[in-house]
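J.: The sequence and its predicted three-dimensional model are supplied below.
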Amino acid sequence: MSANSAASTAKISAALGSMEQGSVVSEVAERLLGYFTSGDIAVGTRLPAERQLAASLGVGRSAVREALAALEILGIVIVRPGSGTYLRDGISELLPRTLSWGLMLGAPRTRELVELRGGLEVQAVQLAALRITDEALDRMEANLATMESSLDDLAAFVEADAAFHREIAEASGNQVLQELLQSIRSLLRIWVDRALTEKGHAAAALGEHWEIFRALQSRDEAAVTGAMRAHMDTASRRLLAGFDADHTGS
């Protein structure tokens, strides 16, 4: 390690300070995010190794690893295999305000994110009912076909499910709404992946998506509202069941 790199590592470790034992991953992520967006560290800086960050914060390496993974998903850091983890350029000054709540992934904020996602998905589909194109509907029908053929491949099913919802958000014509939904989906992704744990869950979700699709085909705002609310209700219950099982069993 060069003298400059060693000095940078020491500066970051000192600035972060230590945390009490037992701190959760979200607190580690918040501490890192707060420092990365403080202006005291230059973009492109290589971060200290996980073991050094863990020692500085007084937490286990697994907590640091999971926190960095969350920050990578959010575009805060970039991992270069064989080289290390670096602070990404172009971080918005608004990021701490807009995402600080989202980084606290434990209860009750996970539940709050699920509630918010439900409301935004309903709003998106209401706008989409007025604005969706035939081309977008064709793509959504293809997503449904992929979901139907992937009932035994839940990873592929989840990807097609996400693509279906992205089409709705894009068809809403509201860029802010679209980006908010994408951020929330990213933050909840680990629980979304765990929500569909068996073929029966996927088959039920597929039926809910077909109801939404048919209502959109008819451009029926009342029908799409009811269909999406019903889907969000059951999808949220499935997601939170996985979340509760993980947290009560840990």
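T.: Received it, and whenever you're ready, just let me know what you need.
J.: for this structure, which helix is longest?
T.: In the chain, ranked by residue count with DSSP state H as the criterion, the top helix is helix 221-249.
J.: Are there helices or strands packed against that helix, and which ones?
T.: helix 109-131, helix 175-195, helix 199-217 (3 or more C-beta pairs under 8 Å, 6 or more residues apart in numbering; DSSP states H and E). Using the backbone N, CA and C atoms, a C-beta is placed for each residue, glycine as well.
J.: In CSV, list the C-alpha atoms belonging to the second one.
T.: Coordinates of each C-alpha in helix 175-195 appear next as CSV, following Å, rounded to 0.1, in the frame of the first residue of the first chain:
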residue,chain,number,x,y,z
GLN,A,175,-40.4,10.2,-14.4
VAL,A,176,-40.2,11.1,-10.6
LEU,A,177,-42.8,8.4,-9.8
GLN,A,178,-40.8,5.9,-12.0
GLU,A,179,-37.5,6.6,-10.2
LEU,A,180,-39.1,6.5,-6.8
LEU,A,181,-40.5,3.1,-7.5
GLN,A,182,-37.2,1.8,-8.9
SER,A,183,-35.4,3.0,-5.7
ILE,A,184,-37.9,1.3,-3.4
ARG,A,185,-37.8,-1.9,-5.4
SER,A,186,-34.0,-1.9,-5.1
LEU,A,187,-34.2,-1.4,-1.4
LEU,A,188,-36.8,-4.2,-1.0
ARG,A,189,-35.2,-6.5,-3.5
ILE,A,190,-33.9,-9.0,-1.0
TRP,A,191,-37.3,-9.5,0.5
VAL,A,192,-39.1,-9.5,-2.9
ASP,A,193,-36.8,-12.4,-3.9
ARG,A,194,-37.7,-14.3,-0.8
ALA,A,195,-41.4,-13.6,-1.0
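J.: how much space is there between the residue nearest to Glu211 when sequence neighbours are not counted and Glu208?
T.: Once flanking residues are discounted, Glu211 sits nearest to Ala227: 4.3 Å by C-beta to C-beta, 6 or more residues apart in numbering. According to C-beta to C-beta, to the nearest Å, Ala227 stands 7 Å off from Glu208.
J.: The two - which one has more neighbours?
T.: Counted by other C-beta atoms under 10 Å, Ala227 and Glu208 do not tie: Ala227 has more neighbours, with 22 against 17.
J.: Identify the residues contacting that one.
T.: Ala227 makes contacts with 125, 208, 211-212, 214-215, as judged by C-beta atoms under 8 Å, 6 or more residues apart in numbering.
J.: One more: His165?
T.: Per C-beta under 8 Å, 6+ apart, neighbours of His165: 121, 181, 185.
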